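Enquirer: Dropping the sequence and predicted coords here.
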Amino acid sequence: MGERCGWAGSEPIYRDYHDTEWGVPEWDGRALWEKLILDGFQAGLSWITILKKRENFRAAFAGFDPEVIATWGEAEVLRCLADPGIIRHRGKIEATIGNAKAYLKIEEEQGFANYLWGYVGGEAIQNRWATMAEVPAFTPLSTQISKDLKKAGFRFCGPTIVYAFMQATGMVNDHLITCPEHEPCAALRLPPG
């Protein structure tokens, strides 16, 4: 059995995330939206910071219910800005409200999961990296998805954020080939059923 991807480090919360969640294909549109929002909050910070605050984010953002968040205004923005349990960044909070509206439009038209998974033909891309140095920060595909999300009204979704999102949600399998999670994630590359 190989070693975990080097970024997983030694903190239990990070190792658990690596072992059970990162790279596992996510087929639920609402869960995909939540992850995209959290990745947007990560911009300029480390993922472990977000991971440690994830439950606080869920509480502050109504369980990441886009139908609720899409109705928010200045009062909810101010409430979030006063919440020490989350990242208090006005631009990111306001973007979450706009992103909820953009999500609902895509969800109604074609389904958010269908929209995103359509970029990879409904099947997770399987990379075979041997070292962390080979793993890109963004790709032409993440750049295209980023542009399209922005056209749809999303913010805080640049090419690097989108690629991190694709890795985390299993749209791309970037576990190193020496990692014990590479093959289990590869086995899940197609949607269930």
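Expert: Cool, got the structure.

Enquirer: For this structure, which segments count as helices?
Expert: Residue ranges of the helices in the chain, as given by DSSP state H, are 12-20, 29-42, 47-60, 66-69, 74-81, 90-109, 112-118, 140-151, 159-168, 182-186.

Enquirer: To residue 124, which of those helices lies closest?
Expert: Residue 124 lies closest, by Cβ to Cβ, to one member of the helices of the chain: helix 182-186, at 7.5 Å. Bear in mind the C-beta positions are built from the backbone N, C-alpha and C, glycine included.

Enquirer: List the buried residues of that closest one.
Expert: Buried positions in helix 182-186, judged by neighbour count with 16 or more other Cβ atoms under 10 Å: 182, 185, 186.

Enquirer: Confirm for me that residue 85 is in contact with residue 58.
Expert: No. Using Cβ atoms under 8 Å, residue 85 is not in contact with residue 58, being 10.2 Å away.

Enquirer: which residues of this structure score low on pLDDT?
Expert: 1 (pLDDT under 70).

Enquirer: From residue 143, how far out is residue 8?
Expert: When Cβ to Cβ, to the nearest Å is applied, the distance between residue 8 and residue 143 equals 26 Å.

Enquirer: Output the buried residues of helix 182-186 as TSV; include the columns distance to residue 130.
Expert: Output for the buried residues of helix 182-186, formatted as TSV (distance: Cβ to Cβ, whole Å):
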residue	distance to residue 130
182	11
185	16
186	15
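
Enquirer: rewinding a little: residue 8 and residue 143: who's more crowded?
Expert: Each of residue 8 and residue 143 has its neighbours counted (other Cβ atoms under 10 Å); residue 8 has more, 18 against 15.
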